[in-house]
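Novice: take this sequence and fold it.
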Amino acid sequence: MLDSVVIGAGQAGLSASFHLRRLDIPHVVLDADAAPGGAWQHRWDALTMRDVHGVAELPGSLPPARSRERANTAIPQYFTAYEREHELPVIRPVHVDRVQNDDRDPELLVVSAGERSWRSRTLVNATGTWSQPFVPRFPGMETFAGEQLHTVAYPGPEHFIGKRTLVVGGGASAVQFLGAIAPLTDVVWATRSEPVWRTDEFTPEAGAASVALVEQRVAAGLPPQSVVSVTGLVLREQEREAERLGVYRARRPMFARIEPDGVRWADGSFEPVDVILWATGFRPAIAHLAPLRLRSAAGGIQLDRGGRGTTAAADARVQLVGYGPSASTIGANRAGRTAASGVRRYLQRSARAA
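Specialist: Residues are numbered from 1 along each chain as shown. Model prediction:
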């Protein structure tokens with residue numbers, strides 16, 4: 001019997017574990033990966049520390065310096081050292097497939113992973129989004145004779161040399177991919193809506209305003225948007241060559257259908273392409289929580305405190321970090337601390353009620 005179970009050992013999960021340990025709350029962290037590093041260990045080799053938008057430090061530590069070192073090496077090393085230094089109770093690999101009420105005591109939760117299970121009074125879900133890549137459905141996409149890739153399987157810019165590539169998506173990843181690929185091969189960019197470019201400095205106040213927009217959706221029980229989606233797009237030095245080539249100015253509205261050798265635009269014209277790179281984002285990895293019926297009628301999981309908290313409105317035993325406003329490095333540490341406080345608050349109320 002545990003007071004809490006944390007699912008996921010990325011930044012938000014490790015932050016939550018740190019604060020639970022600080023509060024002397026017995027818990028374990030169940031991580032699906034075989035090694036530390038969260039989603040960072042799965043990112044493409046070409047992504048360096050100077051390319052990432054920023055890795056917020058874990059509580060009581062400093063992140064790796066911005067350099068040309070590969071992010072999928074530097075950050076896992078950072079997480080490994082952090083787990084060891086703070087003696088965090090991480091168990092891996094454990095792929096949680098179901099969380100449900102205990103048949104014997106409905107006040108308790110049972111966290112199941114195949115034949116293994118853990119009973120707990122509370123849950124901190126920190127499973128993020130990386131395991132749930134999203135690709136929209138388009139007529140004819142199954143007929144495409146070329147190659148279709150998602151961000152999650154991005155093989156690096158050299159893979160696209162000599163291949164006319166269509167990049168789909170209006171977020172930061174699409175901008176980065178265009179910056180890397182355009183100097184090497186012919187590219188086309190398509191987005192569903194006009195990209196929003198940020199021309200002013202991204203101050204802490206601007207970051208807080210962006211997070212607030214995501215909080216509003218979560219407070220209404222709507223499926224969350226990513227924090228990055230509301231911050232606006234910024235070109236870095238790495239994208240200046242693609243900008244000079246006119247790639248970002250040549251953005252096209254979304255195509256109508258996919259054909260074997262390319263895409264058909266809404267005006268009927270045809271665009272031949274060899275590769276479609278879907279930079280279309282991710283969805284929260286929360287299918288294992290379905291037995292708890294946390295979703296609102298609007299399709300998302302509503303959180304307390306007007307979307308600024310981490311407690312599920314439908315079940316005070318459950319904390320969500322890396323979800324909605326904390327699904328980025330901007331809010332992950334704050335969410336870990338808030339979740340640990342939410343766990344303590346629930347345990348204290350339960351103890352008084354008993």
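Novice: going forward, measure contacts between C-alpha atoms and count neighbours the same way
Specialist: OK.
Novice: residues contacting Gly114?
Specialist: Counting by C-alpha atoms under 8 Å, 6 or more residues apart in numbering, Gly114 makes contact with 95-97.
Novice: and for Thr199?
Specialist: Applying C-alpha under 8 Å, 6+ apart, the residues near Thr199 are Val234.
Novice: measure it to Leu235 for me?
Specialist: Separation of Thr199 from Leu235 (C-alpha to C-alpha, to the nearest Å) stands at 10 Å.
Novice: any idea how far Leu289 is from Arg21?
Specialist: To Arg21, Leu289 is 24 Å away according to C-alpha to C-alpha.
Novice: what does Leu347 give?
Specialist: Applying C-alpha to C-alpha, the value for Leu347 to Arg21 is 15 Å.
Novice: what about the strands in the stretch 251-354 of the chain?
Specialist: 252-253, 257-259, 262-264, 270-272, 275-278, 311-312, 315-320 (DSSP state E, counting those that start in this stretch).
Novice: please name whichever of those strands is nearest to Arg192.
Specialist: strand 252-253 (5.8 Å; C-alpha to C-alpha).
Novice: tell me what the closest one is packed against?
Specialist: In terms of contacts (3 or more C-alpha pairs under 8 Å, 6 or more residues apart in numbering; DSSP states H and E), strand 252-253 is packed against strand 187-191.
Novice: partner strands of the strand it packs on, with direction?
Specialist: Its sheet considered, strand 187-191 pairs with strand 165-168 (parallel), strand 252-253 (parallel) by DSSP bridges.
Novice: show the average pLDDT along it.
Specialist: What strand 187-191 shows for mean pLDDT is 97.
Novice: name the residues that touch that strand?
Specialist: With C-alpha under 8 Å, 6+ apart as the criterion, strand 187-191 contacts 164-170, 178, 181, 247-248, 250-255.
Novice: quick check: Arg50 touching Arg236?
Specialist: No: Arg50 is beyond contact range of Arg236, at 10.1 Å (criterion: C-alpha atoms under 8 Å).
Novice: show residues contacting stretch 303-323.
Specialist: For stretch 303-323, using C-alpha under 8 Å, 6+ apart, the contacting residues are 12-13, 121-128, 215-221, 224, 284, 293-295, 301-302, 325, 327-328, 332, 335-336, 338-339, 342-343, 346.
Novice: okay, how far is it across it, tip to tip?
Specialist: Stretch 303-323: ends 10 Å apart by C-alpha to C-alpha.
Novice: may I see the buried residues of it?
Specialist: 303-304, 306-314, 316-323 (16 or more other C-alpha atoms under 10 Å).
Novice: quick one on the thing from earlier: buried members of the contacts of strand 187-191 into PyMOL, please.
Specialist: Restricted to buried positions by 16+ other C-alpha under 10 Å, the PyMOL selection for the contacts of strand 187-191 reads:
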select buried, resi 164+165+166+167+168+169+170+178+181+247+248+251+252+254+255
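Novice: follow-up on the earlier one: in CSV, list the strands paired with strand 187-191 along with mean pLDDT and distance to Leu108.
Specialist: Listed next are the strands paired with strand 187-191 as CSV, based on pLDDT from 0 to 100; distance: least, C-alpha to C-alpha, whole Å:
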stretch, mean pLDDT, distance to Leu108
strand 165-168, 98, 44
strand 252-253, 96, 50
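Novice: Arg84: which of these is closest?
Specialist: Nearest of the strands paired with strand 187-191 (C-alpha to C-alpha): strand 165-168, 40.1 Å.
Novice: off-centre distance for that closest one?
Specialist: Strand 165-168 has its C-alpha centroid displaced from the chain centroid by 21 Å (C-alpha atoms, centre = their mean, to the nearest Å).
Novice: before we move on, back to that, to Gly146, which of the strands paired with strand 187-191 lies closest?
Specialist: That would be strand 165-168 among the strands paired with strand 187-191, by C-alpha to C-alpha, at 10.0 Å.
Novice: thank you kindly, that will do.
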